[in-house]
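Q: Build me a model:
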Amino acid sequence: MLSKKISNYNIILASNSPRRQELIKDLDVPFTIKIKEVEEVYPSHLKEHEITDFLSDLKSTPFKSELSEKDLLITSDTIVWSNDKALGKPKDYADAFKMLKELSNNTHKVITSICITNKKFKKVINDTTTVTFKHLTDDEIAYYINTYKPFDKAGAYGIQEWIGKIAITKIEGSYFNVMGFPVHKLYKELSNL
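A: Numbers count the residues shown, from 1 in each chain. A predicted model of the protein is given here:
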């Protein structure tokens, strides 16, 4: 259905994330993947969605000179917001363990922004989901990190993995946003083109 509405565009997803690739594919949208590395650094005064808005826009910057009017670039960024700070992707085992200890028995926000860019326009949208974890034992945290290696995931966890099944006691908002791509919002924006 959506593919007919956007058939005039070449959709480019600038993401290595297999989850984002799977979710956009589920929208039945033909797309190509192009990756350009960007140093994901943001001004320290930014908070919550300001960070993801900034980073999703920043990820579109290397493509600007290449985009035609028929190209539609989609970039995205996700963070976990806990105790008034951003948790990105963990650097190593110790960092992942520390993040999961912080999330244990607490409520946090998962925030994702999507930047939709064309030669003529740019729009940034975002979504926030609130997630509550049960108390996690050190053994549960160690098992999860050793088995699932969540080093490519904001906040050191994937909701679709084992930890999402055993740890999450409450979720308010989009499940797919926690996976890193609020597809309902992307669908709405693409439908309105």
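
Q: Other residues contacting the least confident helix or strand in the chain by mean pLDDT?
A: Here the helix or strand of the chain ranked lowest by mean pLDDT, DSSP states H and E is helix 2-5, holding a mean of 74. Residues outside helix 2-5 that contact it (Cβ atoms under 8 Å, 6 or more residues apart in numbering) are 27-30, 187, 190-191, 193. All C-beta spots, glycine's among them, are computed from the backbone N, C-alpha and C.

Q: next SSE after that helix?
A: strand 10-13 (DSSP states H and E).

Q: can you give me the strands in the chain?
A: Counting by DSSP state E, one finds strands in the chain at the ranges 10-13, 31-33, 71-82, 85-87, 107-117, 122-133, 168-172.

Q: Would you mind putting those into CSV with mean neighbour count and mean pLDDT alongside?
A: Listed next are those as CSV, based on neighbours: other Cβ atoms under 10 Å; pLDDT from 0 to 100:
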stretch, mean neighbour count, mean pLDDT
strand 10-13, 19, 96
strand 31-33, 13, 96
strand 71-82, 23, 97
strand 85-87, 17, 97
strand 107-117, 23, 98
strand 122-133, 18, 98
strand 168-172, 13, 98
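
Q: Quick one: the ones you listed as TSV, columns for distance to S44 too.
A: Compiled in TSV, the strands of the chain are given as follows (distance: least, Cβ to Cβ, whole Å):
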stretch	distance to S44
strand 10-13	29
strand 31-33	31
strand 71-82	14
strand 85-87	10
strand 107-117	17
strand 122-133	19
strand 168-172	28
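
Q: burial of the nearest residue to F176 once chain neighbours are set aside, as a residue count?
A: Counting by Cβ to Cβ, 6 or more residues apart in numbering, V183 is the residue found nearest to F176 once chain neighbours are left out, at 5.1 Å. For V183, the count of nearby residues is 20 (other Cβ atoms under 10 Å).

Q: pretty sure V183 is touching I24, no?
A: Yes. Using Cβ atoms under 8 Å, V183 makes contact with I24 at a distance of 7.2 Å.

Q: quick one: contacts for R20?
A: If you count contacts by Cβ under 8 Å, 6+ apart, then R20 has 13, 76, 180-181 around it.

Q: Report pLDDT for it.
A: At R20, the predicted lDDT confidence score is 95.

Q: how far away is it from I171?
A: 19 Å (Cβ to Cβ, to the nearest Å).

Q: if we can go back for a sec, mind checking which of the strands of the chain is nearest D95?
A: Nearest to D95, of all the strands of the chain, is strand 85-87, at 9.3 Å by Cβ to Cβ.

Q: right, and I145 touches M99 too?
A: No. Applying Cβ under 8 Å, one finds I145 not in contact with M99, separated by 9.8 Å.

Q: which residues are in contact with both of these two?
A: What both I145 and M99 touch, as defined by Cβ under 8 Å, 6+ apart, is the set A156.

Q: Name the nearest residue to V38, sequence neighbours excluded.
A: Per Cβ to Cβ, 6+ apart, closest to V38 is K59, 5.2 Å.
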